[in-house]
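**Student:** Okay, predicted coordinates and the sequence, questions at the end:
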Amino acid sequence: MTVETEHWGDGHVDSKGRERPSAIAVTSASEATDAVLTLRTNREDYDPIDFIEETDFASWYLILVEWMGASSGASLELEHIKRRDYGLHVEAKVVEPDGVAPSDVSVHSLFIRVTDEQGDAPERVTVTVRE
């Protein structure tokens, strides 16, 4: 399994009605774009849609993770992806910034691009976030 990741600290996955943390696997650009709540970030140099458009869905699928609880200055980083009987389990960790962090709470999105030699995108993805 090969992965590439991107993190955004403004909550870009439309997870209304789902508990946080949440994780879903998507297998097409249209499905990924539909899952993205907003396509703009505070980073003027990058747009989350770029990561989606750079994905060749014939070879890759995306796992979209959303979590709420850390300051807007923190980041969400992938630790492990583990195969389970039901699909995949993602383990991520919160990395607080060096120095003084803002005293707010923000929604964080982690996009994981996966190529999996052992199979297609899983039907179910679970996630644990370690603070």
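**Tutor:** Everything's here; your move. Since the model is a prediction, treat every value here as computed from it, not as a measurement. Numbers count the residues shown, from 1 in each chain.
**Student:** my guess is E79 contacts V129, does it?
**Tutor:** No. The criterion here is Cβ atoms under 8 Å, and E79 misses it with V129 at 9.5 Å. Yep, even glycine has a C-beta here, placed from its N, CA and C like the rest.
**Student:** By mean pLDDT, which helix or strand of this structure comes out lowest?
**Tutor:** Ranked by mean pLDDT, DSSP states H and E, the weakest helix or strand in the chain is helix 48-53, scoring a mean of 82.
**Student:** Going by neighbour count, which residues in that one are buried?
**Tutor:** Neighbour-count burial for helix 48-53 flags 48, 51-52 (criterion: 16 or more other Cβ atoms under 10 Å).
**Student:** Give me the secondary structure label for the nearest residue to V26 once chain neighbours are set aside.
**Tutor:** Excluding the flanking residues, the one nearest V26 by Cβ to Cβ, 6 or more residues apart in numbering is A32, at 4.5 Å. Classification of A32 by DSSP: H, G, I helix; E, B strand; the rest coil places it in helix.
**Student:** Please list all residues in contact with A32.
**Tutor:** Applying Cβ atoms under 8 Å, 6 or more residues apart in numbering to A32 gives the contacts 26, 52, 55, 62, 64.
**Student:** And those residues, which is closest to V125?
**Tutor:** L64 (8.9 Å; Cβ to Cβ).
**Student:** With that, I have no additional questions.
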